[in-house]
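1. got a predicted model here, sequence first, then my questions.
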Amino acid sequence: MDPNLWAYTPASGRTTGAGLVGFKVEATDGSIGRVDKHSDEVGSAHIVVDTGPWIFGKHVLLPAGVVSSIDIAAETVHVSRTKDEIKNAPEFENDSHADDPGYRDQLGGYYGGFMG
């Protein structure tokens, strides 16, 4: 698993401490929802996206390393994955996965497979 997957890249424009909740989230091929939660925790930075009706109201956790850019003015987070890649990721259940290192390892293996 790539440890850089759990950190924002310098190119993302992430400013530690700036709120992202409510920002739109755009995959490479269209909108996937809005940021419901985010974390800047070292080694575990991520965003949780509420997909709304797109995938039946599920939440997905995206490692910070897939965030390609953040547009503060437009309140939009752009991620470097397609809608299908996100839709097919291991399911996120807030109560059981929020602090589960095993789930993060599984998710890291999934998204890490797309790193190039």
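-> Thanks, I have it.
2. list the buried residues of stretch 33-43.
-> Within stretch 33-43, the residues scored as buried using 16 or more other C-beta atoms under 10 Å are Gly33, Arg34, Val35, Asp36, His38, Asp40. C-beta: built from backbone N, CA, C; applies to glycine.
3. for these, give me CSV that also has distance to Leu20.
-> Below are the buried residues of stretch 33-43 laid out as CSV (distance: C-beta to C-beta, whole Å):
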residue, distance to Leu20
Gly33, 13
Arg34, 10
Val35, 5
Asp36, 10
His38, 5
Asp40, 10
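4. narrow these to those in strands?
-> Gly33, Arg34, Val35, Asp36, His38 (DSSP state E).
5. out of those, which comes closest to Thr16?
-> Among these, His38 lies closest to Thr16 (C-beta to C-beta), at 10.9 Å.
6. and the next helix or strand past the helix or strand bottoming out on mean pLDDT in the chain?
-> Least confident element among the helices and strands of the chain, by mean pLDDT, DSSP states H and E: helix 94-97 (a mean of 68). For helix 94-97, the succeeding helix or strand toward the C-terminus, using DSSP states H and E, is helix 101-112.
7. residue closest to the middle of the protein?
-> The centroid of the chain falls nearest to Leu62 when counting by C-alpha atoms, centre = their mean (2.2 Å).
8. any stretches of this structure with poor pLDDT?
-> Within the chain, the ranges that satisfy pLDDT under 70 run 1-3, 54-56, 95-98, 113-116.
9. tell me who's in contact with Tyr110.
-> Shown in contact with Tyr110 (C-beta atoms under 8 Å, 6 or more residues apart in numbering): Ala89, Pro90.
10. great, nothing more from me.
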